[in-house]
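Visitor: fold the stuff below for me.
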Amino acid sequence: MENFKFYLITDTHYFKNSLGAYGAEYDKFMRYEQKCFAETQSINEAVFDWLENAHEAETVFIAGDLSFNGEKESHLEFIRHLHKLRESGKKIYVITADHDFKEHPFAFDDTGRLEPEGTSRDELFDLYYEFGFSDAIALDREHLSYVAQLCDGVRLLALNNDGSRTGKREFDEAQLEWISEQTKKAREDGQMMIAMNHYPLIPAQPIMSLVNTSYQRGSYDVLTMLADEGVHLVFTGHMHNQSINYIDTQKGNRIYDICTGSIIADPSVIRLVEIKDEHTAEIKTYDAPDFEWDTKGKSCKKYLEDLFDNMILNTFLDIENDPYNFMRKVGAGDKTKLFPIVKKLGKILNHITVGRLARLLMIKCDKSIKDMLLRDYAKELVRQVFEGNQTFKEGTPKGDLFLAFIGRMKPFLKKVKAKTFDGKPADICDLLKNSAGNYDIDDYNAELKF
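Guide: Residues are numbered from 1 along each chain as shown. Below you'll find the predicted structure:
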């Protein structure tokens, strides 16, 4: 087989800025947003310019959620960028996902919320026909999935997992049968097959195995089928998370899920993947380039990081100052009788230091972090879960404090009955430990063996 390289980006969430992304309602919406909105056009343009002039690979994968929320004009503008990228010599393979066919997308201006023209799922095949479907050697039009021959010896299994239009983010029986047929055919033809699927098949972080919207339904069985048929790499997005995970099947076959951060949120990255041989792949990660925007004097990287942090900090602030908004956001309704209690809790959470909390719980806290506000500690902890290569590990001040807290809460956590994505009983303490600290594969740069 040939050595093969490609660039990978995901969750471009392109929004045509002229549709409207400003005003009081927009500002309110963005208080709880991890990803950019108004800035996405500029970010995408910078990334596409970078790819046009990047020459380590001539192929680009884009793993779903191409538009912000299915705005027709956003799709059409995004496709113009795809054409320009292709004219530079790049071969492009895309898949679509559920953000690409919202029939009631939204925008904002000074008058409030707007509703631009949407896109139906049935339109996506024709819209993106030239970027994967037209070159397919096997096609499942109903499920917007295809197989492409990337080079001599390597095939791409490009999957849309919106299933049979049930909204359950799953493969139906017909699609599973088609996937099985294609993987078997690749093996019989002596072809290495790699997969691209928008939703992670392995939870991006262990704690996310408890959140069934963070990964593909029925994914463990799909992983087993793919790995045992010779598919060892699947490239995913959706969670705006940077991670590399794997499982070994009962037959001893390993499959990796390489989940990549969205370009329009922290961490904003571009992957370079090299398939060296049938048993080895090398992953490199580059920071996405700077983009044209008023970042208030911050670097673009810091601007995106602060956007993520503000989502966490605004949650803390609203507990104290706007309990109605907080309770509505977390699905607790508008129980006004609880507002005084929520506000009091919020006041404590916004002002307590980690040192003070440690004293209350009678756990050890390193003096280097004792004056750190709990909310600042929490924002960094949560952000790193998404950035990958988490540093809240055993042997570090922040990590030791977190592990001590888990230890103090262990009697209560042990009572939580939960299951992991593969249906096994979950050890909450272990999930938390391995989500706060990365003890395994480097999430950015790694050589993968299979």
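Visitor: can you name the residues in contact with stretch 366-386?
Guide: Stretch 366-386 is contacted from outside by 34, 205, 207, 239-242, 261, 266-267, 305, 308-309, 312-313, 316, 349-355, 357-358, 390-392, 397-398, 400-402, 435-436, using C-beta atoms under 8 Å, 6 or more residues apart in numbering. (Each C-beta comes from the backbone N, C-alpha and C, glycine too.)
Visitor: what are the buried residues along it?
Guide: Neighbour-count burial for stretch 366-386, with 16 or more other C-beta atoms under 10 Å as criterion, is recorded at 369-370, 372-386.
Visitor: just to be sure, which of the residues you listed are found in helices?
Guide: In helices, judged by DSSP state H, the following of the buried residues of stretch 366-386 are found: 374-386.
Visitor: closest to residue 125 among these?
Guide: The shortest approach to residue 125 among these belongs to residue 386, at 31.8 Å (C-beta to C-beta).
Visitor: mind listing what's buried along stretch 286-300?
Guide: In stretch 286-300, the ones that count as buried by 16+ other C-beta under 10 Å are 288, 289, 291, 295, 300.
Visitor: then stretch 341-361?
Guide: For stretch 341-361, using 16+ other C-beta under 10 Å, the buried residues are 342, 346, 349, 350, 353, 354, 355, 356, 357, 358.
Visitor: and if you look at stretch 224-239?
Guide: 224-227, 229-239.
Visitor: follow-up on the earlier one: narrow the buried residues of stretch 286-300 to those in helices?
Guide: Judged by DSSP H, the buried residues of stretch 286-300 include residue 300 as members of helices.
Visitor: including distance to residue 170, could the buried residues of stretch 286-300 go into CSV?
Guide: Formatted as CSV, the buried residues of stretch 286-300 follow (distance: C-beta to C-beta, whole Å):
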residue, distance to residue 170
288, 31
289, 36
291, 35
295, 40
300, 36
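Visitor: in JSON lines: the buried residues of stretch 286-300, plus pLDDT and distance to residue 276.
Guide: As requested, the buried residues of stretch 286-300 are arranged in JSON lines below (pLDDT from 0 to 100; distance: C-beta to C-beta, whole Å):
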{"residue": "288", "pLDDT": "98", "distance to residue 276": "25"}
{"residue": "289", "pLDDT": "98", "distance to residue 276": "27"}
{"residue": "291", "pLDDT": "98", "distance to residue 276": "32"}
{"residue": "295", "pLDDT": "97", "distance to residue 276": "38"}
{"residue": "300", "pLDDT": "98", "distance to residue 276": "32"}
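Visitor: on that earlier part again, could you turn the buried ones of the contacts of stretch 366-386 into a PyMOL selection?
Guide: In PyMOL syntax, the buried subset of those is picked out as below (16+ other C-beta under 10 Å):
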select buried, resi 34+205+207+239+240+241+242+261+266+267+305+308+309+312+313+316+349+350+353+354+355+357+358+390+392+397+398+400+401+402+435+436
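Visitor: filter the contacts of stretch 366-386 down to just the ones in helices.
Guide: Counting by DSSP H, these place 305, 308-309, 312-313, 316, 349-351, 354-355, 357-358, 397-398, 400-402, 435-436 in helices.
Visitor: residue 73 and residue 118 touch, don't they?
Guide: No - the pair formed by residue 73 and residue 118 falls short of the contact definition of C-beta atoms under 8 Å, at 10.2 Å.
Visitor: ok so, going back, looking at the buried residues of stretch 224-239, which is nearest residue 63?
Guide: For the buried residues of stretch 224-239, the nearest to residue 63 is residue 237 (4.4 Å; C-beta to C-beta).
Visitor: how about the helices in the stretch 1-150 of the chain?
Guide: Along the stretch 1-150 of the chain, counting by DSSP state H, counting those that start in this stretch, helices occupy 24-30, 40-52, 72-87, 124-127.
Visitor: can you tell me which of those helices is packed in deepest?
Guide: Mean neighbours per residue, mean count of other C-beta atoms under 10 Å, is largest over these for helix 40-52, with a mean of 21.
Visitor: neighbouring contacts of that helix?
Guide: For helix 40-52, contacts defined as C-beta under 8 Å, 6+ apart pick out 7, 9, 12-17, 36, 60, 68, 77-78, 81, 84-85, 88, 90, 263-264, 268, 270, 288-293.
Visitor: how about the helices of the stretch 1-150 of the chain in JSON lines, adding mean pLDDT?
Guide: Below are these laid out as JSON lines (pLDDT from 0 to 100):
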{"stretch": "helix 24-30", "mean pLDDT": "96"}
{"stretch": "helix 40-52", "mean pLDDT": "98"}
{"stretch": "helix 72-87", "mean pLDDT": "98"}
{"stretch": "helix 124-127", "mean pLDDT": "97"}
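Visitor: so which of the ones you listed is nearest residue 443?
Guide: Across the helices of the stretch 1-150 of the chain, residue 443 has its closest neighbour in helix 40-52 (19.7 Å, C-beta to C-beta).
Visitor: which regions of the stretch 1-150 of the chain lie under the pLDDT threshold?
Guide: With pLDDT under 70 as the threshold, the stretch 1-150 of the chain has no low-confidence stretch at all.
Visitor: tell me where the stretch 51-200 of the chain has strands.
Guide: Remark: strands assigned in the stretch 51-200 of the chain by DSSP state E, counting those that start in this stretch are 59-63, 91-95, 107-109, 112-114, 138-140, 145-151, 154-159, 192-197.
Visitor: these: which one's closest to residue 29?
Guide: Closest among the strands of the stretch 51-200 of the chain, using C-beta to C-beta: strand 107-109, at 6.9 Å.
Visitor: number of residues surrounding residue 362?
Guide: 8 (other C-beta atoms under 10 Å).
Visitor: how near is the residue nearest to it when sequence neighbours are not counted to residue 379?
Guide: Distance criterion C-beta to C-beta, 6 or more residues apart in numbering; nearest residue to residue 362, sequence neighbours excluded, is residue 408 at 7.7 Å. Using C-beta to C-beta, to the nearest Å, we find residue 408 at a distance of 21 Å from residue 379.
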